[in-house]
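Visitor: turn this into a structure:
(one chain, ligands or ions: 1)
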Amino acid sequence: MSDNVVNSVSKTLDKLYGEPLKQLETLIGATGLPVYKDPKSGALLWVDVRELRLRFTLSVNKIAKFVDGLREGKLLYTVCKRCGAKYFPPQADCPRCKASDMEWRETSPVGELITWTVINVKPASFSHHADYVVGIVKMPDGFNITAWVEADPKTLKPGMKMRLLVDRRPGENYITYWFKPA
Ligand SMILES: [Zn+2]
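Guide: Below is the predicted model:
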């Protein structure tokens, strides 16, 4: 690959996944580690950013559907047709069974708030925002989504229903996704 191709792929990745990666950064900033506790099992889960980026790099063409979905106001995930594993953010290749035959599905409109944190110390790219809330929402589709939560944190309670929004966010003006109490 030439440098230009590498740059262009890298720009595309930033567009696609810069936002969730930045959100993850803010979680890391708040807790010191890319780790959170799974509320169901109590197990500590490690979120490996670099590993995700590598997978995306290998399959950037196939996940263009994710961008098309955002443009239509839909948040899409993938399901492995061979083993049934579900992926959000979507993956074009299944790390579990190595198949590359994926079905694209639209994420459910409402999930349940598991936990959240208020971000006071912001990354430079988000310094124009007031303090914001990042939450982890359990979706009925079988995975959790980490995203911004548009709400007064004092009103939030574990288990409350959260509606998924896919739209242009004021401030950045690009299409992204976040949650709001349902
Ligand atoms: Zn699979």
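Visitor: for the protein, which spans come out with low pLDDT?
Guide: For the chain, the stretches with pLDDT under 70 are 1-21, 23-24, 27, 31-63, 125, 171-172.
Visitor: got the residues of it near the ion?
Guide: Taking CB under 5 Å from the ion as the contact definition, the chain meets the ion at C80, R82, C83, A85, C94, R96, C97, A99. All C-beta atoms are positioned from the backbone trio N, CA, C, and that covers glycine.
Visitor: so what's I136 bridging to?
Guide: T115, T146 (DSSP bridges).
Visitor: meant to ask about E103
Guide: V79.
Visitor: okay, domains of the protein per the record?
Guide: Domains of the chain are assigned by the TED database as 2-46, 58-106, 109-181.
Visitor: emit the ChimeraX select command for whichever of the residues of the chain next to the ion are buried.
Guide: With 16 or more other CB atoms under 10 Å as the criterion, this ChimeraX line picks the buried residues out of the residues of the chain next to the ion:
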select :80,85,94
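Visitor: the residues of the chain next to the ion into a markdown table, with extra columns for distance to W148?
Guide: Formatted as a markdown table, the residues of the chain next to the ion follow (distance: CB to CB, whole Å):
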| residue | distance to W148 |
| --- | --- |
| C80 | 28 |
| R82 | 34 |
| C83 | 32 |
| A85 | 26 |
| C94 | 29 |
| R96 | 29 |
| C97 | 33 |
| A99 | 33 |
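Visitor: tell me which of the residues of the chain next to the ion fall in strands.
Guide: Counting by DSSP state E, the residues of the chain next to the ion place C80 in strands.
Visitor: any chance you could map the helices in the protein?
Guide: Using DSSP state H, the helices of the chain run over 3-31, 49-58, 64-71.
Visitor: name the helices or strands packed onto the last one?
Guide: The contact analysis (3 or more CB pairs under 8 Å, 6 or more residues apart in numbering; DSSP states H and E) places helix 64-71 against helix 3-31, strand 76-80, strand 102-106, strand 175-181.
Visitor: please tell me I have it right and T115 contacts P158.
Guide: Yes. Counting by CB atoms under 8 Å, T115 touches P158, with 6.7 Å between them.
Visitor: which of the two has more residues huddled nearby?
Guide: The neighbour count for T115 versus P158, taken as other CB atoms under 10 Å, is higher for T115 (16 against 10).
Visitor: skipping its backbone neighbours, what lies nearest L75 in space?
Guide: Nearest residue to L75, sequence neighbours excluded (CB to CB, 6 or more residues apart in numbering): T107, at 4.3 Å.
Visitor: for the one you found, what are phi and psi?
Guide: Phi and psi for T107, reported as degrees, to the nearest 10, are phi -70, psi 140.
Visitor: quick one: L75 and R163 touch, right?
Guide: No. Counting by CB under 8 Å, L75 does not reach R163; the two are 11.7 Å apart.
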